[in-house]
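Participant: fold the following and give me the result.
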Amino acid sequence: MTYAVRKGDFIVNMIVAHESQKEELETALQAEFIDPTELGLTIGDFWNGVAWTRNIDGEQVVLEPVVPEPTTEDVLNAMLGV
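Facilitator: Numbering: from 1, shown residues only. A predicted model of the protein is given here:
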């Protein structure tokens, strides 16, 4: 699984690790590992105490949940009424 690595109020890195390694790696790196998928978190994103934000053209923009693109299977199932 891919994790966003949080130190303080910033995402400072991205790391791929097995879920069973999460706690050990958090301890070793003295960081919190967050699932980045819901908001599309990436390096440099900032927690302002209320919401995750990203600096876009010099302005802190609140991140909204990412809506995943439908897969071909999703489209076919919808067409077939499955």
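Participant: ok, the residue lying closest to Pro36 once chain neighbours are set aside - contacts?
Facilitator: Among residues not flanking Pro36 along the chain, Ala4 sits closest, at 4.0 Å (C-beta to C-beta, 6 or more residues apart in numbering). Any C-beta I mention is one placed from the backbone N, CA and C, and that applies to glycine too. Ala4 sits next to Ile11, Asn13, Met14, Phe33, Ile34, Asp35, Pro36, Leu41, Thr42, Asp45 when contact means C-beta atoms under 8 Å, 6 or more residues apart in numbering.
Participant: test my guess that Ile43 contacts Asn13.
Facilitator: Yes: when contacts are counted by C-beta atoms under 8 Å, Ile43 is listed as touching Asn13 (6.3 Å).
Participant: per-residue pLDDT of Pro36, please?
Facilitator: Note for Pro36: predicted pLDDT of 97.
Participant: that one: neighbour count?
Facilitator: Pro36 has 21 neighbours, counted by other C-beta atoms under 10 Å.
Participant: that one reaches Thr2, doesn't it?
Facilitator: Yes: if you go by C-beta under 8 Å, Pro36 and Thr2 touch, sitting 6.4 Å apart.
Participant: joint contacts of the two?
Facilitator: By C-beta under 8 Å, 6+ apart, the residues touching both Pro36 and Thr2 are Met14.
Participant: where do the helices sit along the chain?
Facilitator: Counting by DSSP state H, one finds helices in the chain at the ranges 22-29, 72-80.
Participant: average model confidence for the shortest one?
Facilitator: Okay, so that is helix 22-29. 97.
Participant: got it, and stretch 57-68?
Facilitator: On average, stretch 57-68 scores 93.
Participant: that stretch spans what distance, first to last residue?
Facilitator: 25 Å (C-alpha to C-alpha, to the nearest Å).
Participant: buried residues in that stretch, which are they?
Facilitator: Under the neighbour-count criterion of 16 or more other C-beta atoms under 10 Å, stretch 57-68 has Leu63 buried.
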